[in-house]
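Q: Sequence first, predicted coordinates after that:
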Amino acid sequence: MKNLLFSMLFLVALVTIPLQAQQPKREGGTPEEMAKRQTDRMKKSLELSDAQAVKVSEINLKFIKKQAEAKKNVTENRTAMREAMVKLRNERQTELKTAMSDAQFNKMLEQEKETMQNRGEGRGQKGEGRQK
């Protein structure tokens with residue numbers, strides 16, 4: 001009986017461990033590294049000039065640090081954290097608007113909207129495929 005139980009636990013471990021290894025890794029790092037990655041993506045996709053990229057990088061770093069601080073301060077109340085993040089996102093967008101052309105800014109907003117929609121689909125929030 002013990003051998004059977006041990007064998008089943010071992011089998012479960014063999015199946016579970018490789019599945020966890022296949023999970024995509026989230027990019028983390030220091031705020032500076034995160035701001036650099038974000039700015040590099042924006043520079044490429046929005047075709048920012050070098051001068052614009054410098055301004056955008058400063059704005060990104062500033063708001064990544066503010067977000068990290070907000071997450072520390074509001075750990076229990078998810079609604080309060082969500083409200084704080086929305087406020088910070090709006091402030092960031094206001095500052096980014098001054099560093100970009102109207103076309104670049106509108107393209108950025110469209111990309112952010114697509115990203116939010118894709119995240120929602122991944123979490124099943126759209127309700128697609130659910131039985132009623």
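A: Sure, I can see it.

Q: Please work out the average pLDDT along whichever helix in the chain runs longest.
A: For the chain, the helix that runs over the most residues, judged by DSSP state H, is helix 50-73. Averaged over helix 50-73, pLDDT sits at 91.

Q: what separates it from the chain centre, distance-wise?
A: Relative to its chain's centre, helix 50-73 lies at 14 Å (Cα atoms, centre = their mean, to the nearest Å).

Q: do stretch 79-88 as well
A: From the chain centre to the centre of stretch 79-88 is a distance of 14 Å (Cα atoms, centre = their mean).

Q: Flag every buried residue along it.
A: 81, 84, 88 (16 or more other Cβ atoms under 10 Å). C-beta: built from backbone N, CA, C; applies to glycine.

Q: What is the helix or strand hosting residue 12 packed up against?
A: Element membership for residue 12 (DSSP states H and E) is helix 2-21. Helices and strands touching helix 2-21, by 3 or more Cβ pairs under 8 Å, 6 or more residues apart in numbering; DSSP states H and E: there are none.

Q: who touches the helix or strand just after that helix?
A: The helix or strand immediately downstream of helix 2-21 is helix 31-46, counting by DSSP H and E. Residues from elsewhere that reach helix 31-46, judged by Cβ atoms under 8 Å, 6 or more residues apart in numbering: 27-29, 48, 52-53, 56-57, 60-61, 64-65, 68, 100, 104, 107-108, 111.

Q: Drop anything exposed from those.
A: 48, 52, 53, 56, 57, 60, 61, 64, 100, 104, 107, 108.

Q: from memory residue 100 sits against residue 59, does it?
A: No: Residue 100 is not in contact with residue 59 according to Cβ atoms under 8 Å; the separation is 10.1 Å.
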